[in-house]
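> the amino acid sequence is not available; the structure is as follows:
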């Protein structure tokens, strides 16, 4: 069955870092669009951080941001939005305050954290955006309207421990996933890239069997399992490669472009970015 909706993760899939999309990936997306395929983005990033990428691609289709919490087009149309209950967000922030854990919020499209530190600078540099240091009082003042909360840690071992602690305390009311070894994503219960993919396909009148998703990280797993067909990046975590239908080149090798040419458009060795092997 032909692919009518192609959904791509950003970091580690379309982007090696920052917001700069390669000319190869842009050309492949536009080639697919010209062939009648709807190409869009599904990311853990805030909408404002994903927007420059969509603009570079030249597409005005709904973007899935905040790991499924918000579906919104570059032109500003909101298709769907899910936020964490304000009282619950307050409790999660307090939970982190008690343990002196770094946490950040996103209400109103503004990145907020307690104070500038290694974690905030790491995140800002990776997303090429600037947040606001608001202190704990400022964090508690912006508990409403958050599609997600995010913890940044020192690495995988700390992330696993803190993820389990958050799940034990709040797992009946939120979903917790990892978008990288140092990032813990907290979203409303039942919300994921998969729920957003299904919802968007339905809104566009596209059967789930006619969808394809591509990604590299743990937070992509639900979406990859939900899509009609799935592709793992060459640099994907082993757990991702284990559940996908196909594998492509790495992010730095423009694996996204190779996947579009090979699996969506059916091109072979003569593709602008051919699949190796």
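Here it is on my side, so go on. The structure presented is a predicted model; accordingly, all values stated were derived computationally and were not measured. Numbers count the residues shown, from 1 in each chain.

> mind listing what the closest residue to residue 217 other than its chain neighbours touches?
Spatially, and ignoring its direct neighbours in sequence, residue 217 is nearest to residue 179 (5.3 Å; C-beta to C-beta, 6 or more residues apart in numbering). Quick note: C-beta positions are derived from backbone N, CA and C, even for glycine. Under the criterion of C-beta atoms under 8 Å, 6 or more residues apart in numbering, the contact list for residue 179 reads 11, 44, 67, 185, 217, 218, 219.

> do I have it right that the fourth one meets residue 166?
No - here residue 185 lies out of contact with residue 166, judged by C-beta atoms under 8 Å, at a distance of 10.3 Å.

> follow-up on the earlier one: state the three-state secondary structure for the residue nearest to residue 217.
State at residue 179, reduced to three classes by DSSP: H, G, I helix; E, B strand; the rest coil: strand.

> how close does it sit to residue 127?
Relative to residue 127, residue 179 is positioned 12 Å away (C-beta to C-beta, to the nearest Å).

> over to residue 251?
The gap separating residue 251 from residue 127 is 16 Å, by C-beta to C-beta.

> looking at the two, which is more packed in?
A direct count of neighbours by other C-beta atoms under 10 Å for residue 251 and residue 127 places residue 251 higher, at 23 against 20.

> residues near the residue lying closest to the more buried one once chain neighbours are set aside, how many?
Once its chain neighbours are removed from consideration, residue 251 has its nearest residue in residue 16; the separation is 5.0 Å (C-beta to C-beta, 6+ apart). Counted with other C-beta under 10 Å, the burial measure for residue 16 works out to 15 neighbours.

> wait, residue 16 sits on residue 253?
No - counting by C-beta under 8 Å, residue 16 does not reach residue 253; the two are 9.8 Å apart.

> what ranges does the stretch 51-200 of the chain have for its helices?
Counting by DSSP state H, counting those that start in this stretch, the stretch 51-200 of the chain has these helices, from start to end: 86-99, 118-127, 135-140, 156-170, 193-204.

> just name the most buried of the ones you listed.
Mean neighbour counts were compared across these using mean count of other C-beta atoms under 10 Å; the top stretch is helix 193-204, at a mean of 21.

> and for that one, what's in contact with it?
Taking C-beta under 8 Å, 6+ apart as the criterion, the residues outside helix 193-204 that touch it are 5, 7, 9, 38, 40, 42, 62, 64, 67-68, 71, 79-80, 207-208, 210-211, 213, 215, 219-220, 222-223, 225-227.

> continuing past it, what's the next helix or strand?
Along the chain past helix 193-204, the next helix or strand (assigned with DSSP states H and E) turns out to be strand 211-215.

> next structured bit after that following strand?
Note on strand 211-215: by DSSP H and E, the next helix or strand toward the C-terminus is helix 221-226.

> what residues of that next one count as buried?
The neighbour-count criterion (16 or more other C-beta atoms under 10 Å) identifies 221, 222, 223, 224, 226 as the buried residues of helix 221-226.

> which other helices and strands contact the next helix-or-strand element following it?
For helix 221-226, the succeeding helix or strand toward the C-terminus, using DSSP H and E, is strand 229-232. The criterion is 3 or more C-beta pairs under 8 Å, 6 or more residues apart in numbering; DSSP states H and E, and the helices and strands that strand 229-232 contacts are strand 211-215, helix 221-226, strand 246-247.

> so for the last one, mean pLDDT?
Right, the one you point to is strand 246-247. Summarised as a single mean, pLDDT over strand 246-247 is 97.

> run the chain-centre distance for it.
When distances are taken as C-alpha atoms, centre = their mean, to the nearest Å, strand 246-247 is centred 19 Å away from the chain's centroid.

> swap in the longest one?
Centre-to-centre, helix 221-226 and its host chain are 12 Å apart (C-alpha atoms, centre = their mean).

> go on, the first one?
Average the C-alpha atoms of strand 211-215, do the same for its chain, and the two points are 12 Å apart (C-alpha atoms, centre = their mean).

> so it versus helix 193-204, what angle?
Between strand 211-215 and helix 193-204, the angle formed by their directions is 150 degrees, by axes from the mean of the first three to the mean of the last three C-alpha atoms, to 10 degrees.
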